[in-house]
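> Generate coordinates for the sequence data below:
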Amino acid sequence: MFVWGESEGELGINFDHIWQKTLTVLNPLKPADGSIMNETDLAGPILFCVALGATLLLAGKVQFGYIYGMSGIGCLGIYALLNLMSSSGVSYGCVASVLGYCLLPMVILSGSAVFFSLQGMIGTVLALVIIVWCSLSASKIFISALDMEGQQLLVAYPCALLYGLFALLTVF
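Now for the predicted structure:
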């Protein structure tokens, strides 16, 4: 019998871990628990990529290929960078999981693009806030999972560049 949050479903998806990772992303000021990133989980990131594509589609933009292409190349770049910076190393699946979960605020930005245009001052400020939110969440999780204290800004910068691409895709 399946009980919510206690075990995995039939497909091996642990909904409790998805929920914990999502809450970690939604509160970028709360310290991250590095142990939740030990398991490579791609169900949530794929869901958020599809949600980003769907909200962009509702705004009249067909961008699924760009989303998956930028995600794959961005994960590869961050993976290489983190393996050069950390002493313990990180798996590609962990990088893809963290970057995918931290795409959730970008889904909020693209959802707002359905209702009003983001091509003014308000849209620019909102996009900058979302980029900072995504990059702070991702860097916070990477720092706690890889024991890279004092290097959050070094990790946040390339993450901000990656999420900036997603913001450009959303705004324009």
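> And stretch 89-109, what's buried?
90, 94-109 (16 or more other CB atoms under 10 Å). All C-beta atoms are positioned from the backbone trio N, CA, C, and that covers glycine.
> whoops, I mixed them up, stretch 142-150
Neighbour-count burial for stretch 142-150 [16+ other CB under 10 Å]: 142-146, 148.
> contact partners of that stretch?
31-34, 37-38, 82, 85-88, 90, 94, 98, 151-152, 155 (CB atoms under 8 Å, 6 or more residues apart in numbering).
> Now with 6 Å, please.
The contact list for stretch 142-150, computed with CB atoms under 6 Å, 6 or more residues apart in numbering, reads 32, 34, 37, 86, 88, 90, 152, 155.
> and the longest helix for this structure?
In terms of residue count, the longest helix belonging to the chain (DSSP state H) is helix 121-146.
> Quick check: next helix or strand after that one?
Of the helices and strands lying after helix 121-146 in sequence (DSSP states H and E), the nearest is helix 152-171.
> That following helix - contacts with which helices or strands?
helix 64-85, helix 104-115, helix 121-146 (3 or more CB pairs under 6 Å, 6 or more residues apart in numbering; DSSP states H and E).
> returning to what we had before: please tabulate the buried residues of stretch 142-150 in JSON lines and include distance to residue 67 and pLDDT as additional columns.
Supplementary listing: the buried residues of stretch 142-150 in JSON lines, determined by distance: CB to CB, whole Å; pLDDT from 0 to 100:
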{"residue": "142", "distance to residue 67": "21", "pLDDT": "93"}
{"residue": "143", "distance to residue 67": "26", "pLDDT": "92"}
{"residue": "144", "distance to residue 67": "27", "pLDDT": "89"}
{"residue": "145", "distance to residue 67": "24", "pLDDT": "88"}
{"residue": "146", "distance to residue 67": "26", "pLDDT": "89"}
{"residue": "148", "distance to residue 67": "28", "pLDDT": "89"}
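> which one of these sits closest to residue 168?
Of all the buried residues of stretch 142-150, residue 168 sits closest to residue 142, with 22.8 Å by CB to CB.
> Distance of the closest one relative to residue 39?
Taking CB to CB, to the nearest Å as the measure, residue 142 falls 15 Å from residue 39.
> do residue 82 as well
From residue 82 over to residue 39 (counting by CB to CB), the distance is 17 Å.
> the more surrounded of the two?
With neighbours defined as other CB atoms under 10 Å, residue 82 and residue 39 compare such that residue 82 has more, 23 against 12.
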